[in-house]
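Chemist: just a sequence and a predicted model for now, questions to come.
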Amino acid sequence: MTCDEARILLHALLDNELDAGHAREVEAHVAGCPNCTVELAAQREMQRVLADTNLRYTAPASLRSRIEASLPQAQRQQPSRRAVLRGFAMGSAVSALAASGVVAVVLRQDDQQRILSEVVSAHLRSLQAGHLTDVVSTDQHTVKPWFNGKLDVAPPVIDLTAQGFTLVGGRLDYIDARAIGAVVYKRRQHVINLFVSQTASTEHRPPKTQSMQGFNCRRWGDRGLNFWAVSDLGADELAEFVDKFDAAMKANVEG
């Protein structure tokens, strides 16, 4: 494990979010690396300070009085029986919506936005000097075996040089509290990070493009894998990359 890989996982180690295998790897690396030992100690101290600090703010009683004084007289009156019953009816309607799954959908969308934010942040980190690749090669038969043993499922690695997207290499990254594979391509001077993670769902989810912080992200799911392709390429060229990658992956499976 390199220092870059360990530092990505330090927060998760402190929060007990790593599985036993990854936790042992990080702890073993930290034990033999003075720089990461210092970094872990600093993060642990920050966690302790934040836990001991009372960040709760209690508004003074005078604030309530000032707010009530600023309200029109009608709004300061006690609610009528009809208003109370109307409130109960509204609460029942909200409960019914929750039972029907509306709240679950909202939570799912929030979760997807959080993961999208993590994916874009990982893409930004990779653009820093020395962070783009752990294995550097334009040969898919070099990049794909490199992932073996580092992840439960190695990401598919496909050479798309003939189609205008050059394979650069790959690396481990950290999304949604777990290590995943990132396969790196280039289109001219534009970097494309293809993040791949395992999922329990085997259903096909068609590609969908979203934008965040000036980057386009095209995500889709297929054969028990989730994919996120992120780049500053235009949405049309990123869609072209995804189409060619998906077509080549299906051809490999069928072949």
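Modeler: Looks like it came in fine. Residues are numbered from 1 along each chain as shown.

Chemist: mind giving me the domain ranges of this structure?
Modeler: 3-51, 63-254 (automatic domain parsing).

Chemist: what mean pLDDT does the longest one get?
Modeler: When you say that, I think you mean domain 63-254. For domain 63-254, mean pLDDT is 83.

Chemist: I'd like the numbering to begin with 53 instead of 1 from here.
Modeler: That works, and once the first residue is 53, the last one we named lands at domain 115-306.

Chemist: which non-adjacent residue is nearest I232?
Modeler: In space, I232 comes closest to S249 once its chain neighbours are excluded; the distance is 4.2 Å by Cβ to Cβ, 6 or more residues apart in numbering. C-beta here means a position set from N, CA and C on the backbone, and glycine is covered the same way.

Chemist: isn't there a strand covering the one you found?
Modeler: Yes - under DSSP: H, G, I helix; E, B strand; the rest coil, S249 falls within a strand.

Chemist: can you count the residues close to it?
Modeler: Other residues within reach of S249, judged by other Cβ atoms under 10 Å, total 22.

Chemist: one more: R116?
Modeler: R116 sits with 10 neighbouring residues when counted by other Cβ under 10 Å.

Chemist: helices of the stretch 103-252 of the chain, residue ranges please.
Modeler: Taking DSSP state H, counting those that start in this stretch as the criterion, the stretch 103-252 of the chain carries its helices at 113-122, 125-128, 133-151, 154-178, 192-199.

Chemist: what's in contact with the helix or strand containing A75?
Modeler: For A75, the element it lies in under DSSP states H and E is helix 72-83. The contact list for helix 72-83, computed with Cβ atoms under 8 Å, 6 or more residues apart in numbering, reads 53, 55, 57-58, 61-62, 64-65, 70, 88-89, 92, 230-231.

Chemist: just the buried members of those?
Modeler: Of all the contacts of helix 72-83 considered here, the ones buried according to neighbour count by 16 or more other Cβ atoms under 10 Å are M53, E57, A58, L61, L62, A64, L65, L70, C88, L92, R230, A231.

Chemist: cool, thanks, signing off.
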